[in-house]
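**Q** Need coordinates for the below:
(one chain, ligands or ions: 1)
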Amino acid sequence: MAKKDNSQNKKTEDLKQFEKDAKNKVMTTNQGLKVNDTNNSLKAGERGSTLLEDFLLREKITHFDHERIPERIVHARGSAAHGYFELYKSIEKYSKAGIFTDTNRKTPVFVRFSTVAGSKGSPDLARDVRGFAVKFYTQEGTWDLVGNNMPIFFIQDAMKFPDLVHAVKPEPNKEIPQAASAHDTFYDFVSRTTETLHNHIWAMSDRAIPRSLRMMEGFGIHTFRLINSEGESHFVKFHWKPKLGVHSVTWDEAVKINGADSDFHRRDLWDAIEAGHFPEWELGIQIVAQEDEHKFDFDLLDPTKLIPEELVPVEIIGKMTLNRNPENFFAETEQVAFLPGHIIPGIDFTNDPLLQGRLFSYRDTQLSRLGSPNFHQIPINRPIVETHNNQRDGQMQMDIPKGQTAYFPNSLGGGCPHMAKMAEGAFNSYEERIDAKKIRTRSESFNDHFSQPALFYRSLADWEKQHVADAYTFELGKCKHKHIKERMLWLIAQINKDLSQQVAKGLGLKVPNTIEQPINQAIGADAEVEKHQPPKQKNYLDKAPSLSQSTTKFDSIVTRKIAVLASDGFSMSDFIAYKKALEKEGAMVKIIAPHGGTIRCDENMEHEVDASIMTTESVLFDAVYIPGGKKSIEMLKEEPKYIKFINETFKHCKAIAVDNEGEDLLDTTFVSKYKNDNAIFVNEKVNGFINAIAKHRNWDRMPIAAKVPA
Ligand code: HDD
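**A** Numbers count the residues shown, from 1 in each chain. As a prediction, the model looks like this:
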């Protein structure tokens, strides 16, 4: 694989003109004045007071005082990267967009991943939805696909977004808890807003604690439209499929990773790109013909519903590669502004009421976050095509629009900028026929809140189901109010009775037979409540295997991190055989020694230590290998943290391989009784170990792993 991709694209070139490099340059003020001392303020005498005259001090301090901008109201914590999108095949029968018809294009993209609830400095492994926002710098203008790593959303109408966010964010009286949904206000809201239950069960699944940002799917969520050159519309759902498959950590790991390396995901993305392991996703589309709008048992405009791939297959049409880290976090990752309203000819909106509200919210929020209607002029937000219009002035105007006129129509400016003809690629909205009453209500077709959470749960593998039960038990266990937990138990029972019983047991409660009405209070006061009760579930599909992570890809160990536990005297021949084979497959091999610096193998060669055992934890690795070497193993046995390291690796169902005396170390751990496990390898060839790492985890081990006291 290529190491670093320095290839240019139009956006990279555009950004270059704004980059600044201080290498070999003299320090100046912002006015270009050369600075001789940036360490001492101007004083009245050596020990005297500082003078107001000190413009150097004032410039430096004033800038510092204003360095922060408001963090995003949601999705504050994020990481981003540059890359490009390539189309495999034209879909001109559906869309006239250049990006969907021209297979010779490499469209530059900037992608920002995020958690939702936590603040900017919150840990990466919170149980949360992940944002997956893609900015396509196309030749027809910028298109933003602002999605998540789950295919549905919590609410059906944008009107409820502030309620949802206020409920999940830290409670307003005490600002607790940070980056966590496990608290009363969230479950008070969820238990009274049954439309949330589908996204909620996804959030209780392993999808909410990804192994890597590079190992999660992305979804546009809403049903959008594709418009072809005949002006015909097809409904579309967008999917991003990661080349590395969809993989997650366990909750116990997530909690520990947050302590060991709260930048785990951010670091992983950065390191992978720096190492030349460029993350890749394929873009897929689900197409529904205009005339099939009403053929489903759910409403295509309801963002709490997905179209199972088993009903409408996902057609793969292209690939996105992320190949460059940002130069500056603030300038790019923090200042990038995504707006679902940024679309291009060939793509259009539907009447999904959540999408419609988003079209307002994102522009509005950038005004307070970035402080000016000129936020589109910030380098990362600039389109790669020229822009001309009569919008003028405002804070931080960066352009210098020339001429006497700033209105249309005009004669003094030669009628410019003139309006684009359709043949020149102008945008026009899909001419949807509308004949309606103005009405504030929720469509009855949005009422079924239980069929899809139940389908999701039915479709999971047993180990995934166990994780969901554990997550509900944990989250509700953190709630203080019994009536909220009981409401939740009753609602979970509508999804699956066994699941609810399991959670109730963990909470020490009983699943109630009824709960006080109305069930869904997230509707207008005069709405007919009966219509919003959990209706009879519709079983339009027994199972949708595509929803389970057990059906993902398990064919690669690229970028997997393997801890090698070793000290002075470790066996070089054991080590080198494993190292070579693992690195050939793209894994990263790291030596974890009792101390930093270097260690010597039994062939008396010096080896760089990647981390001392005191500075690292097993949860930061995917698997463990222990080479032989009597002296090395005796030293490792002296350090109890190695025992913890191995026990935890076993607890988290990861692969472990040992050679020769390495087995003695294994025998001092919990694993000694379980060496016949499918992902434990004692004196075996490396191939089995590699396959076990590619399988991600040995989930069959879960019942035994649960007993590890670590
Ligand atoms: Fe949102 C940010 C995704 C519903 C209002 N949202 C934001 C980001 C993502 C999403 C990925 C971060 C973008 C970035 O990295 O800068 N949001 C979604 C998805 C939704 C959704 C997939 C439903 C399908 N959002 C939604 C609604 C509203 C908002 C219904 C308001 C009515 N979202 C915002 C926001 C944010 C935002 C307050 C905060 C920062 C920003 O926009 O730029 O306007």
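**Q** List the buried residues for stretch 600-609?
**A** Residues of stretch 600-609 classed as buried: R600, C601, D602, H607, V609 (neighbour count, 16 or more other Cβ atoms under 10 Å). Heads up, the C-betas are built off the backbone N, CA and C, glycines and all.
**Q** between the residues you listed, which is closest to the ligand?
**A** V609 (37.1 Å; Cβ to the nearest ligand atom).
**Q** Please name the nearest non-neighbouring residue to that closest one.
**A** Nearest non-adjacent residue to V609, counting by Cβ to Cβ, 6 or more residues apart in numbering: A593, 4.3 Å away.
**Q** And for A611?
**A** Closest residue to A611 apart from its sequence neighbours, by Cβ to Cβ, 6+ apart: I592 at 5.5 Å.
**Q** can you pull the contacts of the residue nearest to V609?
**A** A566, S567, I599, V609, S612, I613 (Cβ atoms under 8 Å, 6 or more residues apart in numbering).
**Q** Extract the residue ranges of the stretch 251-400 of the chain that are flagged as low pLDDT.
**A** Applying pLDDT under 70 to the stretch 251-400 of the chain flags no residue at all.
**Q** Up against the ligand, what does it have?
**A** For the stretch 251-400 of the chain, the residues in contact with the ligand (Cβ under 6 Å from any ligand atom) are P303, V336, A337, F338, L354, G357, R358, S361, Y362, T365.
**Q** Please tell me how far the fourth one sits from N149.
**A** F338 sits 15 Å away from N149, going by Cβ to Cβ, to the nearest Å.
**Q** just the second one next, same as before
**A** As defined by Cβ to Cβ, V336 lies at a distance of 18 Å from N149.
**Q** wait, doesn't I591 sit right on H607?
**A** Yes: using Cβ atoms under 8 Å, I591 is in contact with H607, at 6.1 Å.
**Q** Mutual contacts of these two, please.
**A** A566, I599.
**Q** on that earlier part again, tabulate the buried residues of stretch 600-609 (CSV), appending secondary structure, pLDDT and distance to E464.
**A** Shown next, in CSV, are those (DSSP: H, G, I helix; E, B strand; the rest coil; pLDDT from 0 to 100; distance: Cβ to Cβ, whole Å):
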residue, secondary structure, pLDDT, distance to E464
R600, strand, 98, 45
C601, strand, 98, 42
D602, coil, 98, 44
H607, strand, 98, 40
V609, coil, 98, 37
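**Q** Determine which two of those are furthest apart.
**A** D602 and V609 (16.4 Å; Cβ to Cβ).
**Q** Quick check: beta-bridge partners of the residue of the chain found nearest the ligand?
**A** Proximity of the chain to the ligand (Cβ to the nearest ligand atom) peaks at G131, 2.7 Å away. Using DSSP bridges, the bridge partners assigned to G131 are S114, N148.
**Q** In contact with it, which residues?
**A** Residues near G131 by Cβ under 8 Å, 6+ apart: H75, G78, R112, F113, S114, T115, V116, V146, G147, N148, N149.
**Q** Kindly state the pLDDT recorded for the residue lying closest to the second one once chain neighbours are set aside?
**A** By that I understand G78. Spatially, and ignoring its direct neighbours in sequence, G78 is nearest to S114 (3.6 Å; Cβ to Cβ, 6+ apart). S114 is assigned 98 on the pLDDT scale.
**Q** Test my guess that S114 contacts E71.
**A** No: with contact defined as Cβ under 8 Å, S114 does not reach E71; the gap is 10.9 Å.
**Q** These two: who's more crowded?
**A** S114 (24 against 16; other Cβ atoms under 10 Å).
**Q** the strands in the stretch 1-150 of the chain, which residues?
**A** For the stretch 1-150 of the chain, the strands defined by DSSP state E, counting those that start in this stretch occupy 78-87, 106-115, 130-138, 141-148.
**Q** Which of the ones you listed sits closest to I704?
**A** It's strand 130-138; of the strands of the stretch 1-150 of the chain, that one is closest to I704 (Cβ to Cβ) at 30.7 Å.
**Q** is it true that the residue nearest to A611 touches T615?
**A** No: contact criterion Cβ under 8 Å: I592 and T615 do not qualify, at 9.2 Å.
**Q** which of those two has more neighbours?
**A** Applying other Cβ under 10 Å to I592 and T615 shows that I592 carries more neighbours, namely 25 against 10.
**Q** Mind pulling the model confidence for that one?
**A** So I592 comes in at 98 (pLDDT).
**Q** how would you label it: helix, strand or coil?
**A** Per DSSP: H, G, I helix; E, B strand; the rest coil, the secondary structure class of I592 is strand.
**Q** what's near enough to touch it?
**A** A563, V564, L565, A566, V609, D610, A611, S612, I613, T616, F645.
**Q** which residue sits closest to the residue positioned nearest the centre of the chain, ignoring its sequence neighbours?
**A** Taking Cα atoms, centre = their mean as the criterion, R130 is the residue nearest the geometric centre of the chain, at 3.4 Å. Leaving aside its sequence neighbours, R130 sits nearest to N149 (Cβ to Cβ, 6+ apart; 4.1 Å).
**Q** tell me the contacts of the one you found?
**A** N149 touches V129, R130, G131, F132, R207, P210, M216, E217, G218, F219, counting by Cβ under 8 Å, 6+ apart.
**Q** Which helix or strand contains the closest residue in space to V314 that isn't next to it in sequence?
**A** Distances taken as Cβ to Cβ, 6+ apart put G284 closest to V314, at 3.7 Å, once the chain neighbours are dropped. Taking DSSP states H and E as the definition, G284 sits inside strand 280-289.
**Q** now the angle from that strand to strand 78-87?
**A** Counting by axes from the mean of the first three to the mean of the last three Cα atoms, to 10 degrees, strand 280-289 lies at 70 degrees to strand 78-87.
**Q** Quick check: buried residues in strand 280-289?
**A** E280, W281, E282, L283, G284, I285, Q286, I287, V288.
**Q** Direction included, what does it pair against?
**A** Sheet pairing here is set by DSSP bridges, and for strand 280-289 it gives strand 233-242 (antiparallel), strand 315-324 (antiparallel).
**Q** Could you check the angle it makes with strand 141-148?
**A** 90 degrees.
**Q** Which residues of this structure lie near the ligand?
**A** 72-75, 78, 112, 114, 131, 133, 146-148, 153, 158, 161, 221-222, 303, 336-338, 354, 357-358, 361-362, 365.
**Q** contacts for the helix or strand of the chain with the lowest mean pLDDT?
**A** Scoring the helices and strands of the chain by mean pLDDT, DSSP states H and E places helix 10-16 at the bottom, with a mean of 94. For helix 10-16, the external contacting residues (Cβ under 8 Å, 6+ apart) are H82, P108, F110, Y137, R324, E327, P379, I380, R382, I384.
**Q** How about stretch 357-375?
**A** Under Cβ under 8 Å, 6+ apart, the answer for stretch 357-375 is 69-70, 72-73, 146, 157-159, 161, 335, 337-341, 349, 378, 381, 391, 394-398.
**Q** angle of the longest helix along the chain against strand 141-148?
**A** As assigned by DSSP state H, the longest helix anywhere in the chain is helix 353-370. On the basis of the same axes, to 10 degrees, helix 353-370 is oriented at 110 degrees to strand 141-148.
**Q** quick one: buried residues of helix 353-370?
**A** Residues 353-358, 361-363, 365-366, 369-370 are the ones in helix 353-370 that count as buried (16+ other Cβ under 10 Å).
**Q** now swap in stretch 13-31 and tell me
**A** D14, L15.
**Q** Next one: A527, what pLDDT does it get?
**A** On the pLDDT scale, A527 is placed at 79.
**Q** That one contacts I439, correct?
**A** No: the pair A527 / I439 is not scored as a contact, 11.7 Å apart, by Cβ under 8 Å.
**Q** Who has more neighbours out of the two?
**A** Between A527 and I439, A527 has the larger neighbour count (other Cβ under 10 Å), namely 15 against 6.
**Q** domain assignment for this protein?
**A** 78-381, 447-523+531-549, 554-705 (automatic domain parsing).
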